[in-house]
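Participant: What follows is a protein structure lacking sequence information:
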């Protein structure tokens, strides 16, 4: 088992599901609620701004408080990645 698989298992994500993450939109392994969150996080990460349709779909599955938490988590991860990658700081393998 590699590090990514181990992280997925430790966080409760089935390995098969983690392998389909990059193609979540077309995967039956993800619920509409999960797909809405993943599409939102993908847009926050790639474009910073989010299309209205993506935000409306997110709001149909998640509360305002949950959306704030999702946005916060994605933003923190993006911030950390933008700090450690240019500095060449690698994974701690945890």
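Facilitator: Sure, I can see it. What you see is a predicted model, and the numbers here were worked out from it, not measured in a lab.

Participant: Now do the helices in the protein.
Facilitator: Using DSSP state H, the helices found in the chain span residues 3-10, 15-19, 32-47, 52-59, 64-84.

Participant: What are the buried residues along the shortest one?
Facilitator: When neighbours are counted by 16 or more other C-beta atoms under 10 Å, the buried residues of helix 15-19 are found to be residue 18. In this view, the C-beta of every residue, glycine as well, is placed from N, C-alpha and C.

Participant: Can you name every helix or strand that that helix contacts?
Facilitator: helix 3-10 (3 or more C-beta pairs under 8 Å, 6 or more residues apart in numbering; DSSP states H and E).

Participant: What's the mean pLDDT across the helix it packs on?
Facilitator: What helix 3-10 shows for mean pLDDT is 59.

Participant: same check, this time on stretch 13-29
Facilitator: In this model, stretch 13-29 carries a mean pLDDT of 83.

Participant: Ends of that stretch, what's the gap?
Facilitator: Length of stretch 13-29, first residue to last, C-alpha to C-alpha, to the nearest Å: 11 Å.

Participant: Could I get the buried residue list for it?
Facilitator: Neighbour-count burial for stretch 13-29 [16+ other C-beta under 10 Å]: 18, 24, 27.

Participant: ok, of the residues you listed, which one's closest to residue 64?
Facilitator: Distance ranking of the buried residues of stretch 13-29 against residue 64, using C-beta to C-beta, places residue 24 first at 23.2 Å.

Participant: sorry, back to before: let me know the closest of the buried residues of stretch 13-29 to residue 48.
Facilitator: Nearest to residue 48 among the buried residues of stretch 13-29 is residue 24, at 20.1 Å by C-beta to C-beta.

Participant: Help me confirm that that closest one comes into contact with residue 35.
Facilitator: Yes. Contact criterion C-beta atoms under 8 Å: residue 24 and residue 35 qualify, at 5.9 Å.

Participant: Near residue 51, how many residues? Count them for me, please.
Facilitator: Residue 51 has 12 neighbours, counted by other C-beta atoms under 10 Å.

Participant: So for it, what's the nearest residue that isn't a sequence neighbour?
Facilitator: residue 43 (6.5 Å; C-beta to C-beta, 6 or more residues apart in numbering).
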